[in-house]
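Trainee: Need a 3D model of the sequence below.
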Amino acid sequence: NVYGLGILGEVEGKVYKDWAIVDEIDHHAKLQCHCLDYGYSNDPTAIVSIYYLNGGYVVDEIAFQKGLSNKKISDILFNQQQVPVVPDSAEPKSNDELKSYGHTIIPAEKGKDSVVNGIQLVQEQRISITKRSINIIKEYRNYLWETDKDGKILNVPEHQFSHSMDAIRYGL
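Mentor: Sure thing, here's the model as predicted:
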């Protein structure tokens, strides 16, 4: 199918499926929030805007970069339309710093099994990605469930392509 017909294949064990790629954000879409997964040295910081449109969501990449200080994150956010920011709640010091710069910060609520429950919530939504969001698209295509030594899929997502996927989960 891939080589003969040019049909894109799906990686086995993908966490998310059936997301659409759209050319741009429809002018009727309403910006809900910016969501944020912190990174620095080893992992990139992912900042994603989430729009609501006709019962579904459109995600748009704002930043995906290593080495961003909280001040640089704040500057990026101030260059966007001002709406609440939903970051990882595991970074209270960073969240407080962003608040001190004047951002409305609503840390993601986490609890027991929040990753798996959050993934399930995201899977229940109709999601579109803007085509300019190259890192979101790459992570969407490569975000996989971990497997055991026998190749059995476990109910735990791999970390490698999780940054924008985590940010989207926080926002939704």
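
Trainee: quick one: low-confidence parts of the protein?
Mentor: By pLDDT under 70, the weakly predicted segments of the chain are 1-11.

Trainee: if you set the cut-off to 90 instead, what comes out?
Mentor: Applying pLDDT under 90 to the chain flags the ranges 1-13, 109-114, 147-156.

Trainee: What segments of it are strands?
Mentor: With DSSP state E, the ranges of strands along the chain come out as 20-22, 30-37, 45-53, 56-65, 85-87, 127-130, 145-147, 153-157.

Trainee: winner for burial among those?
Mentor: Of the strands of the chain, the one with the most neighbours on average (mean count of other Cβ atoms under 10 Å) is strand 85-87, at a mean of 25. From N, CA and C alone the C-beta is placed, and that goes for glycine too.

Trainee: how about the strands of the chain in JSON lines, adding distance to residue 137?
Mentor: Shown next, in JSON lines, are the strands of the chain (distance: least, Cβ to Cβ, whole Å):
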{"stretch": "strand 20-22", "distance to residue 137": "7"}
{"stretch": "strand 30-37", "distance to residue 137": "16"}
{"stretch": "strand 45-53", "distance to residue 137": "12"}
{"stretch": "strand 56-65", "distance to residue 137": "9"}
{"stretch": "strand 85-87", "distance to residue 137": "21"}
{"stretch": "strand 127-130", "distance to residue 137": "6"}
{"stretch": "strand 145-147", "distance to residue 137": "19"}
{"stretch": "strand 153-157", "distance to residue 137": "17"}
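
Trainee: Figure out which of those strands is closest to residue 14.
Mentor: With respect to residue 14, and counting by Cβ to Cβ, the nearest of these is strand 145-147 at 7.9 Å.

Trainee: just checking, what packs against that closest one?
Mentor: strand 153-157 (3 or more Cβ pairs under 8 Å, 6 or more residues apart in numbering; DSSP states H and E).

Trainee: Output the strand it packs on as PDB, nothing but the C-alphas.
Mentor: C-alpha atoms of strand 153-157 as PDB (Å, rounded to 0.1, in the frame of the first residue of the first chain):
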ATOM      1  CA  ILE A 153       1.600  -3.400  24.100                       C
ATOM      2  CA  LEU A 154       1.500  -1.900  27.600                       C
ATOM      3  CA  ASN A 155      -0.800   0.800  28.800                       C
ATOM      4  CA  VAL A 156       2.100   3.200  29.300                       C
ATOM      5  CA  PRO A 157       3.100   5.800  26.600                       C
END
